[in-house]
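K.L.:
coordinates only, sequence not included:
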């Protein structure tokens, strides 16, 4: 967490320097993807608080725990929080987390993790990818909540203007993760025509990743509060970034064989983390949503 504290502050997305923000996140991820995963959530939380007109607790490291699993909900009853939340990155490491609650109505809470009774279980996280991020399942068993802890009104989290702009940020981390793999490939000494072909294609994909992030940043700054435009933009960018990352993963395997995945600890870890991270993309579900958006727009 000291690495996270040492990062310089980044501009909020949608405030005029979004390209800088996205490319900076990608650069953090290029060097350390686990750090970027935690940092992205921290900066996202600060942006959410700012959008709500709230100031963060000075010096606190934040997370955003918003994963929703069917059949597993967090509920608020008589001022106490109950339930289980999966995919809680930074559990046990962070000071505070913005937590989505679904019952009795969808709300967002700012929870002080250091003074709350929480049960943290990281045993379900069986992959070595992101092992340093302390990602696990958190059980709330009577965490006391006050009215001041609620951020925004009911249903605010998903409907606020900045939600889809914020959805660009994870894609920047995916891109940075893949850029790190291209860095690895550029250092390898294997030299044959097929490997060089894959290397050329990967550097072209790296150029695409950076260009897409820069372009998305410019676009979101032109319409930071246009929910529909940013929804479409986020779906487009996440698809483009996911495809470029998947292409780089495929080419790493085809160019260098099993060696980096079986014998190079750093390459294996980075490969596994990128492969897992891009699964935050909802794939065909997102493409269907994008298709619906553009079809309705074209036929309005």
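P.N.:
It's in. Please read all numbers here as calculations on a predicted model, not as lab measurements.
K.L.:
what residues are up against the closest residue to residue 42 other than its chain neighbours?
P.N.:
Nearest residue to residue 42, sequence neighbours excluded (CB to CB, 6 or more residues apart in numbering): residue 62, at 5.0 Å. Placement of C-beta: from N, CA and C, glycine included. Residues near residue 62 by CB atoms under 8 Å, 6 or more residues apart in numbering: 41-42, 45-46, 49, 56, 94-98.
K.L.:
can you do 6 Å?
P.N.:
Residues near residue 62 by CB atoms under 6 Å, 6 or more residues apart in numbering: 42, 45, 96.
K.L.:
any idea how far residue 216 lies from residue 18?
P.N.:
8 Å (CB to CB, to the nearest Å).
K.L.:
my bad, residue 41
P.N.:
From residue 41 to residue 18 the distance is 18 Å (CB to CB).
K.L.:
distance check, the residue most central in space within the chain against residue 41.
P.N.:
The residue lying closest to the centre of the chain (CA atoms, centre = their mean) is residue 170, at 3.1 Å. To residue 41, residue 170 is 9 Å away according to CB to CB.
K.L.:
so which of the contacts of residue 62 is the closest to residue 298?
P.N.:
residue 45 (36.3 Å; CB to CB).
K.L.:
burial count for that closest one?
P.N.:
24 (other CB atoms under 10 Å).
K.L.:
any low-confidence regions in this protein?
P.N.:
Under the criterion pLDDT under 70, no range of the chain is flagged.
K.L.:
chain neighbours aside, what residue packs nearest to residue 17?
P.N.:
That would be residue 11: by CB to CB, 6+ apart, it lies 3.8 Å from residue 17.
K.L.:
ok, residue 213 next?
P.N.:
Here the residue nearest residue 213, using CB to CB, 6+ apart, is residue 22, at 4.3 Å.
K.L.:
now do residue 240
P.N.:
residue 212 (5.1 Å).
K.L.:
burial count for that neighbour?
P.N.:
With other CB under 10 Å as criterion, residue 212 counts 22.
K.L.:
likewise for residue 63?
P.N.:
26.
K.L.:
is it true that it touches residue 97?
P.N.:
Yes - using CB atoms under 6 Å, residue 63 is in contact with residue 97, at 4.3 Å.
K.L.:
what's the helix or strand hosting residue 22 in contact with?
P.N.:
Assigned by DSSP states H and E, residue 22 belongs to helix 18-31. Helix 18-31 is contacted from outside by 10-11, 13, 36, 39-40, 172-173, 175-177, 179-180, 213-214, 217-218, 220-221, using CB under 6 Å, 6+ apart.
K.L.:
before we move on, back to that, in which helix or strand would I find the residue nearest to the centre of the chain?
P.N.:
Going by DSSP H and E, residue 170 is part of helix 168-186.
K.L.:
how far does that helix sit from its chain's centre?
P.N.:
13 Å (CA atoms, centre = their mean, to the nearest Å).
K.L.:
that's all I had, so thanks and see you.
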